[in-house]
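Undergrad: Build the 3D model from these lines:
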Amino acid sequence: MKAAVLACAVTLLAACSSVTTITSTSPGTTIVVAGAQKPMPATMSLRGTSFGNYEFKASGNAEAGAEPVYGILPLAMKKGQMAASILFFAPALFFNLRGAFRFYEVDMQNNAIRYRDREKDPWQTYQIKPEEAARARARYERWQQATAPAAATP
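TA: Numbering: from 1, shown residues only. Model (predicted):
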């Protein structure tokens, strides 16, 4: 019995996150998502969410002087999880209903992000809205201020 409960718990926890691959149309680009900075292409595990978002900052070395791209990753609705929540445990309906797509591509030149769930699917393009970019920029500026070493006082 304990083994069955443990197996169910592991399965449910695994369903709460997904492995995502993020690439860029510009070589030498790095991305910061969920507090982790990685060179692209990057693979990361992103947990499901119902109310939050994944703000990102992409910056490249290839184009000197290019401004970083800020935005929010588009998330997929977990329809199967929604149906199971409705049928078996309605209060769970509010937890982790959105998750990351498996593939993202940041287009620095067009200030857009492309996404898809399977490699053979066509890319869906999301044009980053100015208000989302401003919100992501503000978040990363607060994060940088919080993690910057305190200035030495004489």
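Undergrad: Give me the helices and strands touching the lengthiest strand in the chain, please.
TA: Longest strand in the chain, counting residues (DSSP state E): strand 17-24. With contacts defined as 3 or more CB pairs under 8 Å, 6 or more residues apart in numbering; DSSP states H and E, the packing partners of strand 17-24 are strand 29-33, strand 42-47, strand 98-100, strand 103-107. (C-beta placed from N, C-alpha, C; glycine too.)
Undergrad: ok, and what's touching the first one?
TA: The contact list for strand 29-33 (CB atoms under 8 Å, 6 or more residues apart in numbering) reads 22, 24, 37-40, 42, 44, 46, 54-62, 73, 106, 108, 140.
Undergrad: Quick check: which element contains the closest residue to Val69 other than its chain neighbours?
TA: Spatial nearest neighbour of Val69, excluding adjacent residues (CB to CB, 6 or more residues apart in numbering): Ala58 at 4.5 Å. Assessed by DSSP states H and E, Ala58 sits inside strand 55-60.
Undergrad: List the neighbouring strands of that strand plus their orientation.
TA: In the sheet, strand 55-60 lines up against strand 29-33 (antiparallel), strand 69-72 (antiparallel) (DSSP bridges).
Undergrad: between that strand and strand 17-24, how many degrees?
TA: On the basis of axes from the mean of the first three to the mean of the last three CA atoms, to 10 degrees, strand 55-60 is oriented at 30 degrees to strand 17-24.
Undergrad: Averaging pLDDT per element, find the lowest-scoring helix or strand in this protein.
TA: In the chain, no helix or strand scores lower on mean pLDDT, DSSP states H and E than helix 2-15, which sits at a mean of 42.
Undergrad: Return the distance of Gly60 relative to Gly52.
TA: Per CB to CB, to the nearest Å, Gly60 is found 26 Å from Gly52.
Undergrad: higher neighbour count, these two?
TA: Gly60 (22 against 11; other CB atoms under 10 Å).
Undergrad: who's the more buried one bridged to?
TA: Thr29.
Undergrad: What of Arg98?
TA: Beta-bridge partners, per DSSP bridges, of Arg98: Thr49, Met77.
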